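> build me a model:
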Amino acid sequence: KALRDPITLSAGHEVLATMSIGVALSEHGKSRDDVLRDADVAMYRVKERGRGGHFALTDAERSGARPEGWLELCTALHNITERGEVDIHYQPLVSLDDQRIVGAEALVRWNHPDHGILLPSQFIKVAEENGAILPIGRMVLERACRQAKSWHDELGLSLQIGVNLSARQFQQAGLVDDVAQALHDTAIDPTQLCLEITEGLAMDDVDLTTSILTTLHALGVRVAIDDFGTGHSSLGYLARFPIDVVKIDQSFVRDIDRDPVKSAIVSAVVALSGAIGSTTVVEGVETQAQFEELKSLGCDSAQGYYFARPASAAAFGKMLGTGLHAPPDLSVVHTVRAG
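Just a heads-up that it's a prediction; the model follows:
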């Protein structure tokens, strides 16, 4: 409760802090690592409920909170980066105006030795809970920046590379240092890097989000709000954030060519984005009808299976080298050259 009051620093500045406490009861037969892991899980239960509180993980809650195979995944995720099991696939970002490839989103994959390629939905939540997301996130950030720099140097392409930040990455104190280090080590133009956070994460703590995004912006990188429209954000708060890109959730794309309400919503988001100086990206485009409707509404760019599925760096590089051919009834998608 004491932390709820503002803390006055020596320079006269006031800061606000919150405390999330996770509690795990030690039982006979449980190892120290088991207890610490349970306490960590409990702490993130607090954050899921809004932070600034406490939560005790009981046996019943533990069994209900962990799906079958949780412990196996949790154990296997340790040292995943050292074992070389992290892969990155890239999904093209295409300009709707002239069908050029203007960027790519870096999507992590786990090359599991027993289960093959695992998608983020199959392991990211566990990685968040046990802390493995931090080394994974740093590796994805560094490798994506290095790959974008390689495409720039070898092919003359200046592409925007999107990297997703998880909740735990975004809220950890070393985020800005990690980004600055990746920029330094890879020598990428900072404006090529676009860091993506979900709308829900952005609204979790508006003051904290504003502070972090402002600091990241000072490094020269771009910032995107992902899955826009799925949360409960206030448009007034949205205007406070230093945002370069608004990514419209794919739920608004389905049937947009036949649903005037969805069309009106997307049109309003495009207008809002323009008013705050941001561009729009539409996710999940799968048909020509959707493509044409979104283009008519003034959306800037899009991604989805209509253009291409996520591909390995090698396969994506071939697309860039030869030009990505969209479906037969759409013109060839060109790449954008640097300079």
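
> can you tell me the element I212 falls in?
According to DSSP states H and E, I212 maps onto helix 206-218.

> output the next helix or strand after that helix in CSV, but only the C-alpha positions, please.
Going down the chain from helix 206-218, the next helix or strand is strand 222-228, by DSSP H and E. Extracted as CSV, the C-alpha positions of strand 222-228 are listed here (Å, rounded to 0.1, in the frame of the first residue of the first chain):
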residue,chain,number,x,y,z
ARG,A,222,9.4,2.9,-35.0
VAL,A,223,6.6,1.7,-32.8
ALA,A,224,3.4,-0.2,-33.8
ILE,A,225,0.2,-1.0,-31.9
ASP,A,226,-0.7,-4.6,-32.9
ASP,A,227,-4.1,-6.2,-32.9
PHE,A,228,-5.8,-2.8,-32.8
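
> and the helices in the stretch 51-200 of the chain, which stretches?
59-65, 70-77, 124-130, 133-155, 167-171, 175-186, 199-204 (DSSP state H, counting those that start in this stretch).

> out of those, flag the one nearest D98.
Between D98 and the helices of the stretch 51-200 of the chain, the tightest spacing by C-beta to C-beta is seen for helix 133-155, at 18.7 Å. Yep, even glycine has a C-beta here, placed from its N, CA and C like the rest.

> same for the closest one, what does it pack against?
Applying 3 or more C-beta pairs under 8 Å, 6 or more residues apart in numbering; DSSP states H and E, one finds that helix 133-155 contacts strand 86-95, strand 100-112, helix 124-130, strand 160-164, helix 167-171, helix 175-186, strand 193-198, helix 313-322.

> among those, which is nearest F228?
Among these, the nearest to F228 by C-beta to C-beta is strand 193-198 (8.8 Å).

> avg pLDDT for that closest one?
The average pLDDT within strand 193-198 is 96.

> stretch 114-134 too?
On average, stretch 114-134 scores 89.

> buried residues of it, list them for me.
The neighbour-count check on stretch 114-134 (16 or more other C-beta atoms under 10 Å) flags 118, 123-124, 126-134 as buried.

> and stretch 99-117, by the same measure?
With burial defined by 16+ other C-beta under 10 Å, the residues of stretch 99-117 counted as buried are 99-110, 112.

> got the end-to-end distance for stretch 55-74?
21 Å (C-alpha to C-alpha, to the nearest Å).

> thinking again about what came up before, give me the angle between the helix holding I212 and strand 193-198.
Orientation check (axes from the mean of the first three to the mean of the last three C-alpha atoms, to 10 degrees): helix 206-218 against strand 193-198 gives 170 degrees.

> Q288 and G304 touch, don't they?
No: applying C-beta atoms under 8 Å, one finds Q288 not in contact with G304, separated by 11.5 Å.

> ok, the two, which is more surrounded?
G304 (21 against 15; other C-beta atoms under 10 Å).

> contacts for the helix holding I212, please.
With C-beta atoms under 8 Å, 6 or more residues apart in numbering as the test, helix 206-218 has contacts from 16, 170-171, 175-176, 179, 195, 197, 201-203, 223, 237, 240-243.
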